[in-house]
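>>> sharing a model that was predicted from the sequence below.
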Amino acid sequence: MNGPEITLEVAPELRLFVPHERRGGPTRLTTDGASTLGHVIESLGVPLTEAGTLLVNGEPVPRSHVPGPGEHIDVRGIERPQQLPGVPLRFLLDVHLGTLARRLRLLGVDAAYESEDIGDPALAALSARERRVLLSRDRGLLRRRELWAGAYVYSDRPQEQLRDILGRFAPHLAPWTRCTACNGTLAKADKDAVSDLLEHGTQQAYDVFAQCTACARVYWRGAHHATGVRRVRPVHGVRPGVLAGRAPRPSGDDRRRRGTGVRRRGGVGRGHRATEQDGGARLAHRAIAQGGGLSR
């Protein structure tokens, strides 16, 4: 390549994206003289979703800037909290981030999730159509032009992923107001209205219930709810929502059924006890064990 030679340096948090020889600081780079700075950055492996302010000789420039000879370019990371004005903050997660999706929902964050691989074009189009921030660990997916907004998920550990997304976007949190299975909103439910979906021990021990307005799953404050509140509050600095409060002491019958924190109405039939294979019950089981807040 016989174009201009520039000096480029990326922020420390972005160095995992670039080749190893470019991770130590400023390095020389020869461009073709026609490509935009945005294209140059992407060609080095950095998704533009992760590039913040771009500086040329200390002055901010747009991504459309065409680098000239001798320019020194700094690629900074995204400033946190990242602002996306104009629309409610909503997320879309790819097929590999199911646990993160459920934990975001546990905190009341609107987090759509595709449990099947619908393909990169369809995911990007869905992000654009619904104006959702696409969360992914797939750099190629984050480079798609039709994407409305996106963010790279840096860790492969769900709890670290959650901390990263909360720190980056600072979404409004309203714990226990969203269905962890389908992302629908929860509404307070009259005990008599959902009693046919509850087992006898649950009916005897609990009086406060919520039901998903989309899939009709039923939630209640189980024996471990107070533990969940204590775990979520110091970590996330939030106050619990619709299912907040002191959990009633469970009956002996209910203590033996430690998986009963969510019930569903659907293909398994009315009144069916949710099992560990059911999506809602599985999350209810994990949420407390791994720092969440749904009843078990």
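Done, it's in. Residues are numbered from 1 along each chain as shown.
>>> where exactly do the strands run in this protein?
Listed in chain order, the strands of the chain (DSSP state E) span residues 5-10, 27-30, 51-56, 59-61, 72-77, 91-93, 111-113, 133-136, 149-152, 186-189, 209-212, 218-220, 262-263.
>>> redo those strands as CSV? Include mean pLDDT and mean neighbour count.
For glycine as for every other residue, the C-beta is placed from the backbone atoms N, C-alpha and C. Written out in CSV, the entries for the strands of the chain read as follows (pLDDT from 0 to 100; neighbours: other CB atoms under 10 Å):
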stretch, mean pLDDT, mean neighbour count
strand 5-10, 97, 20
strand 27-30, 96, 14
strand 51-56, 98, 16
strand 59-61, 98, 11
strand 72-77, 98, 18
strand 91-93, 98, 26
strand 111-113, 96, 21
strand 133-136, 97, 26
strand 149-152, 97, 21
strand 186-189, 95, 17
strand 209-212, 94, 24
strand 218-220, 90, 26
strand 262-263, 55, 27
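>>> dump the ones you listed to a markdown table, plus distance to Gly45.
Listed next are those as a markdown table, based on distance: least, CB to CB, whole Å:
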| stretch | distance to Gly45 |
| --- | --- |
| strand 5-10 | 10 |
| strand 27-30 | 13 |
| strand 51-56 | 11 |
| strand 59-61 | 20 |
| strand 72-77 | 11 |
| strand 91-93 | 22 |
| strand 111-113 | 27 |
| strand 133-136 | 15 |
| strand 149-152 | 11 |
| strand 186-189 | 41 |
| strand 209-212 | 41 |
| strand 218-220 | 43 |
| strand 262-263 | 42 |
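>>> nearest to Pro171, of those?
strand 91-93 (8.1 Å; CB to CB).
>>> what helices or strands is that closest one leaning on?
helix 98-106, strand 111-113, helix 120-130, strand 133-136 (3 or more CB pairs under 8 Å, 6 or more residues apart in numbering; DSSP states H and E).
>>> what does the third one contact?
Residues outside helix 120-130 that contact it (CB atoms under 8 Å, 6 or more residues apart in numbering) are 90, 92, 94, 112, 114, 118, 132-134, 136, 138, 140-141, 144, 146-150.
>>> Ser35 and Glu71, how far apart?
Ser35 is 13 Å from Glu71, where distance means CB to CB, to the nearest Å.
>>> more neighbours, those two?
A count of neighbours by other CB atoms under 10 Å puts Glu71 above the other of Ser35 and Glu71, at 19 against 15.
>>> that one reaches Leu55, doesn't it?
No. No contact is recorded between Glu71 and Leu55 when judged using CB atoms under 8 Å, the distance being 9.9 Å.
>>> so what's the residue count around Ser195?
The local packing of Ser195 (other CB under 10 Å) involves 14 other residues.
>>> what's the answer for Ala174, then?
The burial metric for Ala174, expressed as a neighbour count using other CB under 10 Å, is 17.
>>> try Leu106
One way to gauge burial is a neighbour count; for Leu106, by other CB under 10 Å, it gives 27.
>>> wait, it sits on Thr177?
No. When contacts are counted by CB under 8 Å, Leu106 is not listed as touching Thr177 (9.7 Å).
>>> quick one: Ala125 and His20, what's the gap?
The gap separating Ala125 from His20 is 35 Å, by CB to CB.
>>> actually Thr7, not the one I typed
Here the criterion is CB to CB. By it, Thr7 lies 18 Å from His20.
>>> likewise Arg168?
Between Arg168 and His20 the distance, using CB to CB, works out to 26 Å.
>>> which residue of these two possesses the greater neighbour count?
Set side by side, Arg168 and His20 give different neighbour counts by other CB under 10 Å, the larger being at Arg168 (19 against 7).
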